[in-house]
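A.B. asks: Curious how this folds, go ahead:
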Amino acid sequence: MPRRPNSSPQTLAVLSALLESPGWRHGLSLSRQTGLKPGTLYPLLLRLHDSGYLESEWQPPERPGRPARHAYRLNDSGRALAEDRLAERGLAAKPA
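C.D. replies: Predicted coordinates:
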C-alpha cells in the first residue's frame, strides 16, 4: 500500500485542482490554477505519481515544433485520497 502524502496546503491545492477537472492536466495549467511555482509543483506531482495516486503520460505537441508535454490525472485511489483529505479539512473541490 502506498504511503499517504502529507496534507500540506500545497498538496491540498494540487489534489483539489486535479479533482475539479478529472481529465488530463498539464503542469503549467496546474501551476496557474494553484499559484504554485514549478519547484514546488513538479516534485509534488512526482511524489503523488510514485505513491500510486496519479497517472501520467507524455502527450504529443499541439502544434508542430512544440515539445511533447507531460500530463497528469488522478486515478481511483488518488480521487479517494483527494476527497478524503479535502473532507478532513472541511474543503471541497469546486465543480468543473
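A.B. asks: Can you give me the buried ones in the strand or helix carrying V14?
C.D. replies: Under the criterion of DSSP states H and E, V14 resides in helix 9-20. Using 16 or more other C-beta atoms under 10 Å as the test for burial, helix 9-20 gives 10-19. (C-beta placed from N, C-alpha, C; glycine too.)
A.B. asks: Could you give the separation of that helix from the chain centroid?
C.D. replies: Averaging C-alpha positions (C-alpha atoms, centre = their mean, to the nearest Å) puts helix 9-20 6 Å from its chain's average.
A.B. asks: Next secondary structure element downstream of that helix?
C.D. replies: Sequence-wise, the next helix or strand downstream of helix 9-20 (DSSP H and E) is strand 25-26.
A.B. asks: What strands flank that following strand, and is each parallel or antiparallel?
C.D. replies: strand 69-74 (antiparallel) (DSSP bridges).
A.B. asks: Would you mind writing the CA trace of the partner strand as CSV?
C.D. replies: The C-alpha trace of strand 69-74 is given here as CSV (Å, rounded to 0.1, in the frame of the first residue of the first chain):
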residue,chain,number,x,y,z
ARG,A,69,4.0,17.7,-22.7
HIS,A,70,3.7,15.6,-19.6
ALA,A,71,0.1,15.3,-18.4
TYR,A,72,-1.4,14.1,-15.1
ARG,A,73,-4.7,12.9,-13.7
LEU,A,74,-5.9,11.3,-10.5
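A.B. asks: just how off-centre is it within its chain?
C.D. replies: Put simply, strand 69-74 sits 8 Å off its chain's centre (C-alpha atoms, centre = their mean).
A.B. asks: Just the angle for that strand relative to helix 9-20, thanks.
C.D. replies: For strand 69-74 against helix 9-20, the angle by axes from the mean of the first three to the mean of the last three C-alpha atoms, to 10 degrees is 90 degrees.
A.B. asks: show me where this protein has helices.
C.D. replies: For the chain, the helices defined by DSSP state H cover 9-20, 27-34, 38-50, 76-88.
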